[in-house]
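Colleague: What shape does this take:
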Amino acid sequence: MSAADYEIAIVGGGMVGTALACSLGAQGRRVALIEAYPARPWQPGGEYDLRVSAINRASQRLFERLGAWQGMCERRVSAYRRMHVWDTAGKGEITFDAAELGEPDLGHIIENRVIQETLEACLPETVTVYRPATLETMDVGASAVSLKLNDGSELSAALVVGADGAHSRVRGLAGIEREERPYGQKAIVATVATEKTHQATAWQRFLPTGPVALLPLADGRCSLVWSAETELAESLMALDDEAFRRELGLATELRLGRILEIGARAAFPLVGSRVHPYVKPRIALVGDAAHTIHPLAGQGANLGFMDVVALSAQLAETRRDAGSLRLLRAYERARRAENEITMRAMEGFKHMFGSRVPGLAWLRAQGLGIAGAWPPLKRVLASRALLGSTQAPTPRVEGGPYK
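Modeller: Model (predicted):
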């Protein structure tokens, strides 16, 4: 059996891997996309996915260039125009408003399944999808990488990209080390109905045990992301719906009134991680395969999409060897510092707002008050959340959906 030959093989067909396949396919490159799970189509009018992402403007622009944004809007997205953050003990509060920036919104809450399906619909003909299939072996040679899949397929590619999540098979086979920082928390996710309207506002309260967020959905409900210390999270998950609604109402100080309904709940442990290096000869990692962060600001998916932009831009610079270590190191330099800064910032917020040190609550309140009362600082913070801190270059393509 002869191996199918590609320029690039992407292992992991989640949101980030599929976005990368769209981007590289639009450059006219021959791409293999390998995904372990069968397709799970989004059903119009169906229940909301438990996993949602807060998509900032930088990711939105990527979707627009890929020709996917309109399709997402036609399925189901929810713009949020304000973000209200407050602290438990210190009583500090701050509200960010898109109108203060002259923007229509601060971002969009989109179900991961909507993002996934829409990107899949935009895959160019130059992309071949292997699904369901998993990577079994990987042999890195001087000019190509040989791959064997569990369905018997054999492939070769000049470059293999690991977009296969926090437990990346590519990373393991490549011998790239991963540093983990367990946060001692679990995130509880669910869809909830509240007594009061969400006002197109993302609500987040910092508790000593972790932040709780209510993110606005298009049908008037909210997506809950409650990060709590592991023992507390497990006790909350053990409650019946009535008791859980009551605890959630207390945690959010009834800012949206009583919690009227709670859908299915799920919880997953929170772990920060980073790898070193991001790249090796003919190997590159993107998204959660390279880094994971605390979800308190919803930046994890956006960082992965900016990896896509940066790697696509580097590959667009040349039609020569896609697995060149020099090229891949340029991608790593473009992304490592930004990802590290964001990770440290999220960890800093987690420790600052979760600290029980006497007097720190007062300092937190003062900090939120100063930020809210000083328009220049407030605009900087709001712009960072809206635009993403990395303004990566737009990949050049020959034809394709880019404008």
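
Colleague: quick one: pLDDT of W42?
Modeller: Listed pLDDT for W42 reads 74.

Colleague: what's near enough to touch it?
Modeller: D49, R75, R76, E111, R113, V114, Q116, E117 (Cβ atoms under 8 Å, 6 or more residues apart in numbering). Just so you know, the C-beta spots here come from the backbone N, C-alpha and C atoms, and that holds for glycine as well.

Colleague: out of everything not next to it in sequence, what's closest to R265?
Modeller: A190 (4.5 Å; Cβ to Cβ, 6 or more residues apart in numbering).

Colleague: Wait, that neighbour touches E261, no?
Modeller: No - A190 is beyond contact range of E261, at 9.8 Å (criterion: Cβ atoms under 8 Å).

Colleague: just the helices in the chain please.
Modeller: 15-26, 57-65, 69-75, 98-101, 112-121, 169-174, 230-238, 241-251, 300-316, 325-354, 360-373, 375-387 (DSSP state H).

Colleague: In a markdown table: those, plus mean neighbour count.
Modeller: Putting those into a markdown table (neighbours: other Cβ atoms under 10 Å) gives the following:
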| stretch | mean neighbour count |
| --- | --- |
| helix 15-26 | 29 |
| helix 57-65 | 21 |
| helix 69-75 | 16 |
| helix 98-101 | 14 |
| helix 112-121 | 22 |
| helix 169-174 | 21 |
| helix 230-238 | 15 |
| helix 241-251 | 16 |
| helix 300-316 | 25 |
| helix 325-354 | 17 |
| helix 360-373 | 16 |
| helix 375-387 | 15 |
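
Colleague: Would you format those as CSV with distance to I8 and mean pLDDT included?
Modeller: CSV is the format used below for those (distance: least, Cβ to Cβ, whole Å; pLDDT from 0 to 100):
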stretch, distance to I8, mean pLDDT
helix 15-26, 6, 98
helix 57-65, 18, 96
helix 69-75, 24, 96
helix 98-101, 37, 85
helix 112-121, 16, 96
helix 169-174, 13, 98
helix 230-238, 39, 98
helix 241-251, 45, 97
helix 300-316, 8, 95
helix 325-354, 12, 77
helix 360-373, 43, 49
helix 375-387, 28, 53
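
Colleague: How about the contacts made by the residue nearest to R265?
Modeller: Contacts here follow Cβ under 8 Å, 6+ apart; on that basis A190 touches L50, S223, L224, I262, G263, A264, R265, A266.

Colleague: I'd like to know which of these is nearest to G25.
Modeller: L50 (29.6 Å; Cβ to Cβ).

Colleague: Just grab the bridge partners of the nearest residue to the closest one once chain neighbours are set aside for me.
Modeller: Once flanking residues are discounted, L50 sits nearest to V189: 4.8 Å by Cβ to Cβ, 6+ apart. Going by DSSP bridges, V189 is paired in beta bridges with V225, A266.

Colleague: cool, I262 as well?
Modeller: Per DSSP bridges, residues listed as beta-bridge partners of I262: V192.

Colleague: For burial, what's the neighbour tally of it?
Modeller: The number of residues packed near I262 is 18, by other Cβ atoms under 10 Å.

Colleague: Give me the buried stretch members for stretch 151-163, please.
Modeller: For stretch 151-163, the neighbour count (16 or more other Cβ atoms under 10 Å) marks S153, L155, S156, A157, A158, L159, V160, V161, G162, A163 as buried.

Colleague: I'd like these as JSON lines, with pLDDT appended.
Modeller: Shown next, in JSON lines, are the buried residues of stretch 151-163 (pLDDT from 0 to 100):
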{"residue": "S153", "pLDDT": "96"}
{"residue": "L155", "pLDDT": "97"}
{"residue": "S156", "pLDDT": "97"}
{"residue": "A157", "pLDDT": "97"}
{"residue": "A158", "pLDDT": "96"}
{"residue": "L159", "pLDDT": "98"}
{"residue": "V160", "pLDDT": "98"}
{"residue": "V161", "pLDDT": "98"}
{"residue": "G162", "pLDDT": "98"}
{"residue": "A163", "pLDDT": "98"}
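
Colleague: With respect to W69, which of these is nearest?
Modeller: A163 (20.5 Å).

Colleague: State whether the closest one and S23 are indeed in contact, as I suppose.
Modeller: No - using Cβ under 8 Å, A163 is not in contact with S23, being 11.7 Å away.

Colleague: If I look at E398, what pLDDT would I see?
Modeller: So E398 comes in at 38 (pLDDT).

Colleague: How about P281: what's its closest non-neighbour residue?
Modeller: P281's closest residue in space is L325 (Cβ to Cβ, 6+ apart), at 4.8 Å.

Colleague: roughly how far apart are that neighbour and A243?
Modeller: 56 Å (Cβ to Cβ, to the nearest Å).

Colleague: hmm, back to that, among the helices of the chain, which is nearest V279?
Modeller: Using Cβ to Cβ, these put helix 325-354 closest to V279, at 3.8 Å.

Colleague: Just give me the neighbour total for E103.
Modeller: The tally of other residues near E103 (other Cβ under 10 Å) stands at 16.
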